[in-house]
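Engineer: predicted model and sequence follow; I will ask about them next.
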Amino acid sequence: MTSRRPKNKHAAPVQITAEQILREASEREIEKVTAKPQQHITDKEELNELRLEKRKIYEDNIRKNRNNTGNWIKYAIWEESQGELERARSIYERALDVDSREAALWIKYAEMEMKHRQVNHARNIYDRAVTLLPRVNTFWYKYSYMEEKLENIAGAREVFERWMQWHPEQQAWNTYINMELRYNQIAKARNIYERYILSHMEPDVWIKFANFERKHGEPDNARSVYERAVEFFGEENISPTLLVNFGRFEETQKEYDRARAIYKYGLERIPKEESKALFDAYTQFEKKYGDRKGVDDVILNKRQFQYEKEVEENPHNYDAWFDYIRLVESGDDIEKIRDVYERAIANVPPLTEKKFWRRYIYLWIYYAIFEELEAKDVERTRAVYKACIDLMPNKEFTFAKVWLLAAQFEIRQHDLTAARKILGKSLGMCPKPKLFKGYIELELALREFDRCRQLYNKFLEYNPANCQTWCRYAELETLLGDVERARSIYELAIAQPLLDMPEVLWKAFIDFEHTSGNIDAVRTLYSRLLEKTNHVKVWIAYAQFEATVGPTTAREVFEKANNALKDEEGAQRKLLLDAWLEFEKDEEDEEKIENINNMMPSQLKKRREVYNDDGQLEGWEEYWDYVFPEEKSKPKLKLLEMAHMWKKQQAGET
């Protein structure tokens with residue numbers, strides 16, 4: 001039994017498209033269609049046989065599908081082409097008995113009668129059609145057009161009047177009016193418009209009516225139409241388009257004051273989002289006929305409209321509110337400015353997180369500043385500050401700027417007690433470093449030093465780790481001449497277990513003792529500091545201080561530092577030696593300079609392992625390390641030194 005070979009399902013090497021197959025079939029005439037032979041009729045008997053055959057075919061088609069309108073129309077058109085009008089009428093009537101609501105049948109039927117000048121028949125057909133289907137506008141259009149073509153204007157008018165009783169679409173009314181205008185029947189057209197505006201109570205119809213009156217030289221009638229339209233729609237449903245056309249009409253009549261009043265009437269009553277076209281028209285009007293102030297007012301209103309749209313879309317867009325406020329503040333309307341401020345501050349951030357409040361709180365600040373400086377209303381300014389303080393979530397966070405501004409406002413009103421109450425309340429509710437500093441600066445300006453001491457004590461109870469506060473407290477006592485009190489403050493400060501910037505505090509204490517001339521106290525402080533830290537900068541500062549006293553003690557400090565830093569990183573020791581070398585250069589001691597140069601380290605490139613955050617080895621990296629002379633005696637370093645020398649020799653030979 002032979003095994004079947006698997007079928008090759010790969011693509012053929014030559015691809016053939018469907019288009020190519022069809023083109024080849026056409027070229028080779030594979031499916032050649034034989035044309036139907038022409039038939040020549042020689043006598044009337046053959047013609048009758050042919051007609052009988054065709055009628056049989058049409059009747060069979062109709063019998064198969066009576067609801068197919070196309071079959072009826074083709075049958076009737078064929079009978080018409082044979083001159084058999086009675087048969088064609090019979091076919092149309094039979095078709096209408098089957099489906100009397102088919103508009104195409106009525107139209108073809110009427111067109112056949114008109115083609116053969118059977119006017120009364122066509123009129124009868126259209127009359128039946130509009131009676132049966134009054135909502136089909138095509139019948140009315142063709143019916144009225146036929147009567148007008150026959151110059152039966154009265155008949156056409158009668159058709160239109162029958163049509164208007166059904167309150168058709170606007171185009172039907174426009175067609176009726178245009179027919180009357182073609183025969184200069186202005187009064188009749190005006191009467192039609194009066195019925196038209198009652199049938200279609202839309203602004204466009206009123207505008208067309210007014211344009212009709214203006215076009216025919218009746219501006220007073222046109223103005224009356226516009227006024228009736230404004231009264232008809234009222235203030236609640238007034239249309240911007242109607243007012244725009246009304247204003248432009250008054251412009252053409254050179255009634256500029258009336259036009260301006262119309263535009264302002266609309267802008268005051270129509271919502272901002274719907275009055276863009278009206279506003280643009282007003283802008284163009286003011287640019288043409290207004291003065292500079294009028295143009296500025298229009299531009300101001302336009303920008304105000306834009307900002308209104310922005311804040312309506314996003315009430316918490318505080319940047320848009322700031323721009324809007326700056327815009328209205330450029331005017332002189334105090335009440336309007338207050339209204340915008342009130343609307344802005346009403347949009348409280350939805351979350352009690354400080355990042356959402358940072359921009360919002362400036363609305364209150366600007367509001368208070370406006371009331372104080374522009375409106376000159378002291379009580380209202382005080383009320384704004386109070387409302388802002390009550391609104392802030394002071395238990396979660398606060399804004400020191402608001403408290404300080406409120407206190408400074410009370411000081412400007414010569415009410416020191418109220419200012420102290422505000423600041424005291426702020427420290428009791430939500431203490432912050434900025435509030436303490438502001439309160440202390442106030443009392444310092446008033447020379448109330450006892451109050452300053454009390455505030456510094458409260459400040460340090462609140463945050464004893466703040467070195468800047470300790471320093472300023474001690475500086476205050478120094479300025480007041482109480483040195484022992486200042487020294488005690490420094491001692492308390494350095495005794496704290498936790499400090500944010502201890503180096504600043506120690507430096508201030510040392511500078512204080514140095515300024516006071518207590519050399520021993522400075523040395524004691526440096527010794528106490530070196531017990532806490534072995535940093536190279538402390539040693540250098542200590543040595544530089546001793547250099548002001550004498551070079552011998554400075555050298556002793558440098559030597560102690562050099563010995564103490566041998567176990568530290570090479571970079572720190574290198575910094576110390578550089579500072580020592582600079583000191584000896586200033587002293588111009590060549591022997592000491594040479595000794596220090598001999599103590600200087602050499603740089604050596606090394607490699608070390610690099611680990612990632614998970615503790616896995618990632619590779620190696622090269623770095624520079626310092627090798628001091630006493631370290632070169634080790635065997636490993638000697639081997640490295642010999643390797644470097646060999647490398648230099650090889651480079652020299654090449």
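Structural biologist: Cool, the structure landed.
Engineer: pull the residues that contact stretch 219-226.
Structural biologist: With contact meaning CB atoms under 8 Å, 6 or more residues apart in numbering, stretch 219-226 is reached by 206, 209, 210, 211, 213, 214, 242, 245, 246, 249, 250, 253. Heads up, the C-betas are built off the backbone N, CA and C, glycines and all.
Engineer: which strand or helix spans the fifth one?
Structural biologist: What it means is residue 213. Per DSSP states H and E, residue 213 falls inside helix 203-215.
Engineer: any buried residues in stretch 203-222, and which?
Structural biologist: By neighbour count, and taking 16 or more other CB atoms under 10 Å as the criterion, the buried residues in stretch 203-222 are 203, 205-210, 212-214, 218, 221-222.
Engineer: in the stretch 1-150 of the chain, which ranges drop under the pLDDT threshold?
Structural biologist: Along the stretch 1-150 of the chain, segments meeting pLDDT under 70 span 1-6, 29-36.
Engineer: can you pull out the helices in it?
Structural biologist: 18-28, 44-64, 69-81, 85-98, 103-115, 119-132, 137-149 (DSSP state H, counting those that start in this stretch).
Engineer: on that earlier part again, wait, which of the contacts of stretch 219-226 is closest to residue 138?
Structural biologist: Residue 138 has its nearest neighbour among the contacts of stretch 219-226 in residue 209, at 26.6 Å by CB to CB.
Engineer: per-residue pLDDT, the closest one?
Structural biologist: Model confidence at residue 209, expressed as pLDDT, equals 92.
Engineer: and for it, nearest residue in space, chain neighbours not counted?
Structural biologist: Spatial nearest neighbour of residue 209, excluding adjacent residues (CB to CB, 6 or more residues apart in numbering): residue 193 at 4.5 Å.
Engineer: sec struct for that neighbour, please.
Structural biologist: Using DSSP: H, G, I helix; E, B strand; the rest coil, the structure places residue 193 in helix.
Engineer: so what's it up against?
Structural biologist: If you count contacts by CB under 8 Å, 6+ apart, residue 193 has them with 177, 208, 209, 212.
Engineer: at 7 Å what do you get?
Structural biologist: By CB atoms under 7 Å, 6 or more residues apart in numbering, the contact list for residue 193 reads 177, 209, 212.
Engineer: okay, those in JSON lines with distance to residue 355 next?
Structural biologist: Putting those into JSON lines (distance: CB to CB, whole Å) gives the following:
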{"residue": "177", "distance to residue 355": "66"}
{"residue": "209", "distance to residue 355": "60"}
{"residue": "212", "distance to residue 355": "63"}
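Engineer: nearest to residue 405, of those residues?
Structural biologist: Comparing those against residue 405 with CB to CB places residue 209 closest, at 62.2 Å.
Engineer: got the contact list for that closest one?
Structural biologist: The neighbours of residue 209, taking CB under 7 Å, 6+ apart as the test, are 193, 197, 225.
Engineer: distance of it from residue 223?
Structural biologist: The span separating residue 209 from residue 223 equals 12 Å under the rule CB to CB, to the nearest Å.
Engineer: what about this protein, any weak spots by pLDDT?
Structural biologist: Regions of the chain meeting the criterion pLDDT under 70 cover residues 1-6, 29-36, 290-299, 301-302, 567-570, 602-604, 623-644, 652-654.
Engineer: would you agree residue 619 falls within a strand?
Structural biologist: Yes. Assigned with three-state DSSP, residue 619 falls within a strand.
Engineer: now the contacts of residue 209 as TSV including distance to residue 430?
Structural biologist: Output for the contacts of residue 209, formatted as TSV (distance: CB to CB, whole Å):
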residue	distance to residue 430
193	73
197	68
225	68
